[in-house]
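# Here is a sequence together with a model predicted from it:
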Amino acid sequence: MAPDDTSAAASGYVQPEIDVKALARLLDGEYAEIRDLVRSNLTAHASVLEDAERLGMDAFRERVRDIVVEMAGTGQTGMGFPAAYGGGDDIGASVAAFETLAFGDLSVLVKVGVQFGLFGGAILHLGTARHHDTYLPDLIAGRLMGCFAMTETGHGSNVQALGTVARYDADAQEFVVTTEGDAARKDYIGNAARHAELAVVFAQLEVGGEARGVHALLVPLRSGGEVVPGVEIEDDGRKMGLNGVDNGRIRFHDVRVPREALLNRFADVTPDGTYVSSIDNPNRRFFTMVGTLVQGRVCVGGAGVGVAKVALTLAVKYAVRRRQFEASTGTSAAGAEEQLLLDYGMHQRRLLPLLARTYALHFAQDTVRGQLHDVFSGDDDPQARRRLESRAAGTKALGTWHATRTVQECREACGGAGYLAVNRFAALKADSDVFTTFEGDNHVLLQLVAKGLLTDHASEFEDLDQLGMVRYVTGLAVETVIEKTSAHKLLERVRDLLPGGDEWDREAGLLDSEYQLAMLRYREEHMLAGLARRLKAGVDRGRDPGAVFSQVQDHVIALARAHVERLVLESFVDACKTHPDGGNKVALGLLCDLFALSTIEADRAWFMEHGRLTVQRSKAISREVNDLCRKIRPLAVDLVDAWAIPPRMLRAPDLLA
């Protein structure tokens with residue numbers, strides 16, 4: 001027993017026994033087989049961790065490409081494609097494979113994401129049989145390398161404003177693709193600088209002199225390894241991390257491609273130059289097209305959680321072998337045993353809430369992955385698609401921010417040893433940092449989440465452009481929102497859930513999941529009502545809706561964060577409830593409580609400002625968080641072992657020896 005476990009023992013608490021293998025099976029879920037395949041592939045190519053440090057950039061890029069092609073040969077990377085073309089017909093398995101791949105070198109992960117998720121996913125979801133038959137077999141096998149050319153130097157998140165233009169020449173039955181100025185240069189495009197032969201290019205379509213909005217076309221970049229005429233490619237050069245991925249800049253100088261190069265699932269151009277689409281509204285067409293690419297956000301969010309798992313495994317295992325200072329006063333004599341790092345309350349506070357949050361995000365990722373699988377396996381319900389897009393955006397933001405925070409805290413918790421490149425933190429930090437940016441900047445994604453809450457996923461939402469969405473949101477009859485989330489009704493609902501009624505400073509009930517959920521629900525709904533009021537007040541004063549929305553963006557982001565944290569807790573609570581009784585369920589319950597209470601504690605100022613926490617109850621929550629950390633401390637190694645990270649991926653001799 002750790003020196004400060006006496007309070008737990010005095011309370012009658014019995015430490016649970018964890019069945020690590022059983023917990024690992026639970027976490028792997030229905031995709032255990034594909035996850036084990038990925039673990040085997042990671043182990044087989046474990047030397048890439050050293051290659052990243054010893055090889056020059058060009059050689060390392062080639063090494064990463066070779067690994068990706070070899071992995072494709074095992075079937076790991078093609079799980080989300082149709083079986084008819086060599087895939088596995090399982091979107092969920094594809095995401096699970098990507099999540100597990102995050103245990104290894106992240107250049108390999110991102111190269112896989114670009115090739116099979118972005119490039120391949122765009123052809124699969126935006127193209128039709130003529131594109132599938134021509135490209136998917138070679139793409140899935142890794143024989144055809146490609147890239148996803150959306151982002152431009154002057155246009156990142158605002159995809160509708162892209163500057164690249166594709167004009168239809170009816171006489172030649174060709175599209176002419178042109179980069180209209182430096183701002184329209186495609187930038188940061190993975191696979192472009194060296195390996196891509198074909199690009200999915202997003203451009204403004206012009207047919208008969210009429211602008212038709214952003215569409216995607218297939219444009220050749222290389223033939224026989226040489227850049228084709230009319231295409232100009234510049235290497236982005238060395239980056240902060242991920243230097244095994246060949247990011248590049250692309251310009252198109254009147255490049256001609258056949259009419260059939262248009263990915264035409266949602267719109268087409270006839271040989272004579274007639275534009276046709278099954279979706280009349282151009283904004284709805286755009287959002288439908290972009291919505292099919294949501295898998296990338298789901299994957300990146302899951303990869304962020306995987307990165308956090310690696311960092312925590314290293315830090316926790318180091319903390320149970322590294323000793324620092326004497327265990328108590330009066331024992332400073334020579335030979336006295338120093339105390340293990342993880343027995344210090346502050347060290348527990350640094351690592352164990354992050355451990356709990358990682359478990360919480362794991363189960364939240366299970367939820368969004370399941371929604372993705374259902375939607376792309378035949379669920380055409382527009383509401384389900386909107387819920388997926390919102391949840392994927394929010395989970396990606398929280399998951400990748402969590403990775404960045406966790407890697408930094410774990411690096412610091414490993415002291416000087418954590419700063420040595422051999423112990424993995426240098427690569428984890430450098431390579432994962434950009435996760436908060438690609439597949440959507442996290443702040444932009446959270447605005448998407450908040451707008452969905454304000455409009456209650458109204459059907460009108462998808463018919464509007466960016467400015468139109470702002471005007472719609474700020475022009476809502478928000479009295480409906482305010483009434484639905486009125487303080488009186490919220491208070492009554494929260495009181496009904498509390499074992500202690502209106503006596504908020506009673507400690508009883510802190511570990512009741514219904515109390516924890518009630519607190520997060522109250523915060524979310526109160527923020528929603530407050531934001532609606534602010535928007536309406538600004539518009540009622542005659543101010544520009546866009547300016548009003550801009551001025552309350554801090555409230556927008558806070559609402560979205562509160563919403564997603566509530567969803568994360570709900571997923572964790574549901575997972576705990578369905579797990580059979582035993583030591584593993586007890587351990588998961590401790591983690592769930594720690595996640596919930598540390599989340600409330602982190603925002604205690606808000607809860608106190610809004611009358612939901614007294615000073616006494618706030619202090620009680622902090623005491624409970626400390627107690628939960630003490631209870632989880634003896635379980636910590638088993639809890640990180642249950643992630644089943646391949647030992648060779650934990651290349652950290654100074655931390656684990």
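Received it, and whenever you're ready, just let me know what you need. Residues are numbered from 1 along each chain as shown.
# List the residues that contact residue 530.
Counting by C-beta atoms under 8 Å, 6 or more residues apart in numbering, residue 530 touches residue 555. C-beta here means a position set from N, CA and C on the backbone, and glycine is covered the same way.
# tell me the mean pLDDT over the host helix or strand of it?
Following DSSP states H and E, one finds residue 530 within helix 513-540. Average pLDDT, helix 513-540: 86.
# Same question for stretch 55-64.
The pLDDT scores in stretch 55-64 average 98.
# Ok, stretch 448-463 next?
The average pLDDT within stretch 448-463 is 64.
# just the helices in the stretch 351-500 of the chain please.
382-413, 425-432, 442-455, 466-474, 479-484, 487-497 (DSSP state H, counting those that start in this stretch).
# Helix 442-455 and the first one, what's the angle between them?
Put plainly, it is helix 382-413. Angle of helix 382-413 versus helix 442-455, following axes from the mean of the first three to the mean of the last three C-alpha atoms, to 10 degrees, is 140 degrees.
# measure residue 404 to residue 397 for me?
11 Å (C-beta to C-beta, to the nearest Å).
# Mind listing the shared neighbours of those two?
residue 436.
# and the helices of the stretch 351-500 of the chain, which one's lowest on average pLDDT?
Among those, helix 479-484 carries the lowest mean pLDDT (a mean of 47).
# For residue 152, grab phi and psi.
Note on residue 152: backbone dihedrals following degrees, to the nearest 10 are phi -120, psi 160.
# For it, the count of nearby residues, please.
By the criterion of other C-beta atoms under 10 Å, residue 152 has 27 neighbours.
# hey, what's it bridged with?
residue 155, residue 186 (DSSP bridges).
# can you pull the contacts of residue 24?
Counted by C-beta under 8 Å, 6+ apart, residue 24 has contacts 641-644.
# Quick check: ChimeraX command selecting the buried ones in those.
In ChimeraX syntax, the buried subset of those is picked out as below (16 or more other C-beta atoms under 10 Å):
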select :641,642,643,644
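# As a markdown table, the contacts of residue 24 with secondary structure and distance to residue 62 would be great.
Below are the contacts of residue 24 laid out as a markdown table (DSSP: H, G, I helix; E, B strand; the rest coil; distance: C-beta to C-beta, whole Å):
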| residue | secondary structure | distance to residue 62 |
| --- | --- | --- |
| 641 | helix | 35 |
| 642 | coil | 36 |
| 643 | coil | 31 |
| 644 | coil | 30 |
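# Closest one of the contacts of residue 24 to residue 107?
Nearest to residue 107 among the contacts of residue 24 is residue 643, at 21.3 Å by C-beta to C-beta.
# The closest residue to residue 435 other than its chain neighbours: neighbour count?
In this structure, residue 435 finds its nearest non-sequential neighbour in residue 400, 4.0 Å apart by C-beta to C-beta, 6 or more residues apart in numbering. Using other C-beta under 10 Å, residue 400 has 30 neighbouring residues.
# cool, and the one 10 residues further on?
Applying the criterion other C-beta under 10 Å, we find 27 residues in the vicinity of residue 410.
# I'd say it and residue 311 touch.
Yes. Using C-beta atoms under 8 Å, residue 410 is in contact with residue 311, at 4.0 Å.
# Which residues are in contact with each of the two?
When contacts are counted by C-beta under 8 Å, 6+ apart, the set common to residue 410 and residue 311 consists of residue 425.
# Run the angle between the helix holding residue 530 and helix 442-455 for me.
Going by the same axes, to 10 degrees, helix 513-540 makes 90 degrees with helix 442-455.
# packing partners for the next helix or strand after helix 513-540?
Of the helices and strands lying after helix 513-540 in sequence (DSSP H and E), the nearest is helix 545-551. Contacts defined by 3 or more C-beta pairs under 8 Å, 6 or more residues apart in numbering; DSSP states H and E place helix 545-551 against helix 466-474, helix 513-540.
# buried stuff in helix 545-551?
So helix 545-551, judged by 16+ other C-beta under 10 Å, has buried residues 545, 548-549.
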